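Chemist: Okay, here's the prediction I keep looking at, along with the sequence it came from:
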Amino acid sequence: MMQEVFSYFGKSGWASNQALAIYIGLSFFPTAVQKFRKFFFEKSSAGIFQYVVTLGPSDAAVKFLFPIFVEYCLEEFPDEIKRFRGMVESADLTKPHTWFPFARAMKRKIIYHCGPTNSGKTYNALQRFMEAKKGIYCSPLRLLAMEVFDKVNALGIYCSLQTGQEKKYVPFSNHIACTVEMVSTDDLYDVAVIDEIQMMSDRCRGYAWTRALLGLKADEIHLCGDPSVLSIVQKICADTGDELHERHYERFKPLVVEAKTLLGDLKNVRSGDCVVAFSRREIFEVKMAIEKHTNHRCCVIYGALPPETRRHQANLFNDQDNEFDVLVASDAVGMGLNLNIRRVVFYSLSKYNGDKIVPVPASQVKQIAGRAGRRGSRYPDGLTTTLQLEDLDYLIECLKQPFEEVKKVGLFPFFEQVELFAGKLPNVTFCKLLEKFGENCRLDGSYFLCRHDHIKKVANMLEKKVQGLSLEDRFNFSFAPVNIRDPKAMYHLLRFASAYSQNVPVSIAMGMPKGSARNDAELLDLETKHQVLSMYLWLSHHFKKETFPYVKKAETMATDIADLLGQSLIKANWKPESRQARKPKPQQKDASQPGYERPRSLIKLYEKKKPEKSLPSKHTEKVAA
Ligand SMILES: Nc1ncnc2c1ncn2[C@@H]1O[C@H](COP(=O)(O)OP(=O)(O)OP(=O)(O)O)[C@@H](O)[C@H]1O
Ligand SMILES: [Mg+2]
């Protein structure tokens, strides 16, 4: 009977949770219970023993035994408790606003430009930025940082550029456009702009926006974004003591849904259309089909293309004096590019999330569809529709959905915090350290720890194969921008890290391709090569400069490859290949199908929870998106 009582105690979630309060960790709890049992059998009085037996394996017995257990633990395990306590306290991510005492000493004015896509939020924030004596613009993408850098300089205001890959210092400039990860919380500004603030809730990169909001030393901070993080920004401003002003925006022209759709036929594309597909493979299939069956020519934009090439494609599409009048793009068009799109056509509304095919989230559908129509362009009114009739309902549904309120935003520890934590856990690998940190860190209700699978994957590779890197080097290397699914890119990162750890100059060791790509394998190779060069440049800005002596060469090569990519895309008319040819993705089963037949209506994967609705009777329906 007594055995059962202790077994029940050991399995009690309540007891193991309560034990955390006296810093008995979950991993140590079972051992503590075992020893406690032994102690209890030996030392308890017959009366108490009997009483516990009458309670039996029950919550009552657990509650009765727990205070005795606590007393026993405090007495018997002071070292374990001290160690675990130290570990937990060094993984304390509560009250992140207190991490920035200088920003807290200021009374900052925060202006939230709140509204849907294409409503003038960034435009208005940039007006204030340009008026300021000293200003910083924080962008979600390199591309957008470059765009602002060009625009502001063109208007006669000296502005520098800083991204992970490039530093362009413009003499006498007091303005800077940077990517949000690169923002300095040391410098003082009059006006700061943090664009796409809703990215605070991004599962991987969210911490960078949170850090910028909490830590920027600026008298005036302009946030641009959709309404999803408004309430949490209000809460954060209450914590920081900053003054918050809200400015609400509507689209200049409402977005209109075309109920007719393209009736499943890409021959129905028109000039000014942007066809959105969610994989590289589909993008090329669509481009090929359109160019084969119509007189339109297509530009393409997708995530793996360098920003320069994406911009080049965007310009080609925007420019009216050429034959490229249709754009085929991935969700990479959702943000940052100036595009003259008449109509956004969704080729499908599902995407592969690395694991399975899922419906594209409503917020993303809204953001992409909202790119249609642009003030002052030749298409001021925005239209959107789907290729297939059966996807239309889901599109309308997404556009009607209000922005979902975000409850938590991302955080990630600084190196110093990880270092402190490492002090409590000597002799574990950096990867294990991150894992333990994730398990033990404490967070307030408004924050989550950003996902770091990507970082762990790189850390793990370096752990096994590169000796002699300090903890800080490992931490920094793990943030290098690398596609972890691309073995070639991973190989080069490993090579860079090995050379760095031996303190020898890191070479590029990669030849220039002879010309533009003649097939998809060569195109993929160009994409990879550019990513490797981009990684080299990133490392050169984050580590000792002397160890990366070939920055100039890498820059030139990167520019040349971006050009080659541009040339390749113009003539691309081949079947796409997969980067992981051996591991077919689910949608590849239909690869044998010719032409532009879509694999199958992916939307069927989206369970129709709603009762069947009749289609809108009018030709078009207005949706307040
Ligand atoms: N007052 C204005 N005068 C002239 N052009 C404007 C004005 N406001 C906005 N625009 C133009 O309208 C377009 C959309 O504006 P902007 O990029 O600021 O929208 P946004 O709300 O930031 O959209 P997104 O959510 O896509 O970032 C831009 O091309 C911008 O230059
Ligand atoms: Mg904007």
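Modeler: Thanks, I have it. Numbering: from 1, shown residues only. Ligands and ions are numbered 1, 2, ... in the order given.

Chemist: I'd guess T384 is in a strand, am I close?
Modeler: Yes. T384 sits within a strand when classified using DSSP: H, G, I helix; E, B strand; the rest coil.

Chemist: Only the buried residues of the strand ranked longest in the chain, if you could.
Modeler: Secondary structure assigned by DSSP state E gives strand 217-225 as the longest strand of the chain. Judged by neighbour count using 16 or more other Cβ atoms under 10 Å, the buried positions of strand 217-225 are 217-218, 220-225. No exception for glycine: its C-beta is placed from N, CA and C like everyone else's.

Chemist: Spatially, what comes nearest to M130 if we skip its sequence neighbours?
Modeler: Nearest residue to M130, sequence neighbours excluded (Cβ to Cβ, 6 or more residues apart in numbering): I157, at 5.3 Å.

Chemist: Show me what from the protein comes close to ligand 1.
Modeler: For the chain, the residues in contact with ligand 1 (Cβ under 6 Å from any ligand atom) are 115, 117-123, 224, 338, 374-376.

Chemist: Take the residues you listed and keep only those in helices.
Modeler: Among the residues of the chain next to ligand 1, DSSP state H puts 121-123 in helices.

Chemist: Using CSV, lay out the residues of the chain next to ligand 1 together with pLDDT.
Modeler: Below are the residues of the chain next to ligand 1 laid out as CSV (pLDDT from 0 to 100):
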residue, pLDDT
G115, 94
T117, 88
N118, 87
S119, 91
G120, 92
K121, 95
T122, 95
Y123, 95
C224, 97
N338, 78
R374, 84
R375, 83
G376, 78
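
Chemist: among these, which ones are buried?
Modeler: 115, 117-122, 224, 374.

Chemist: okay, those residues in TSV with distance to V532 next?
Modeler: Putting these into TSV (distance: Cβ to Cβ, whole Å) gives the following:
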residue	distance to V532
G115	39
T117	33
N118	35
S119	38
G120	39
K121	36
T122	32
C224	33
R374	35
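
Chemist: now, among those residues, which is nearest to F346?
Modeler: Nearest to F346 among those is T117, at 15.1 Å by Cβ to Cβ.

Chemist: For M106, which non-adjacent residue is closest in space?
Modeler: That would be K217: by Cβ to Cβ, 6+ apart, it lies 6.4 Å from M106.

Chemist: isn't E463 right up against T429?
Modeler: Yes. Counting by Cβ atoms under 8 Å, T429 is a contact partner of E463 at 5.0 Å.

Chemist: Quickly list what V256 is bridged to.
Modeler: L383, K622 (DSSP bridges).

Chemist: ok, back up a step: what are the contacting residues of the following helix or strand past the longest strand of the chain?
Modeler: On the C-terminal side of strand 217-225, the nearest following helix or strand under DSSP states H and E is helix 230-240. The contact list for helix 230-240, computed with Cβ atoms under 8 Å, 6 or more residues apart in numbering, reads 95, 97, 103-104, 108, 110, 112, 114, 197, 200, 213-214, 223, 243-244, 246, 405-409, 446.

Chemist: can you check stretch 473-485 too?
Modeler: Here stretch 473-485 has contacts from 164, 304, 415, 418, 430, 454-459, 462-463, 469, 489-490, 493, 497, 500-501, 528, 531, 534-535, 538-539, 542-543, 579-580, using Cβ under 8 Å, 6+ apart.

Chemist: Using ChimeraX, define a selection of the buried residues within the residues you listed.
Modeler: Buried subset of the contacts of stretch 473-485, written as a ChimeraX selection, criterion 16+ other Cβ under 10 Å:
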select :164,304,418,430,455,456,457,458,459,462,463,469,489,490,493,497,500,501,528,531,534,535,538,539,543,579
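
Chemist: In helices, which of the contacts of stretch 473-485 appear?
Modeler: Assigned to helices by DSSP H, the following of the contacts of stretch 473-485 qualify: 415, 418, 430, 454-459, 462-463, 489-490, 493, 497, 500-501, 528, 531, 534-535, 538-539, 542.

Chemist: closest point of the stretch 451-600 of the chain to ligand 1, which residue?
Modeler: Nearest residue of the stretch 451-600 of the chain to ligand 1, counting by Cβ to the nearest ligand atom: P481, 22.7 Å away.

Chemist: so how far is stretch 229-241 from its chain's centroid?
Modeler: Remark: stretch 229-241 is offset 22 Å from the chain centroid, using Cα atoms, centre = their mean, to the nearest Å.
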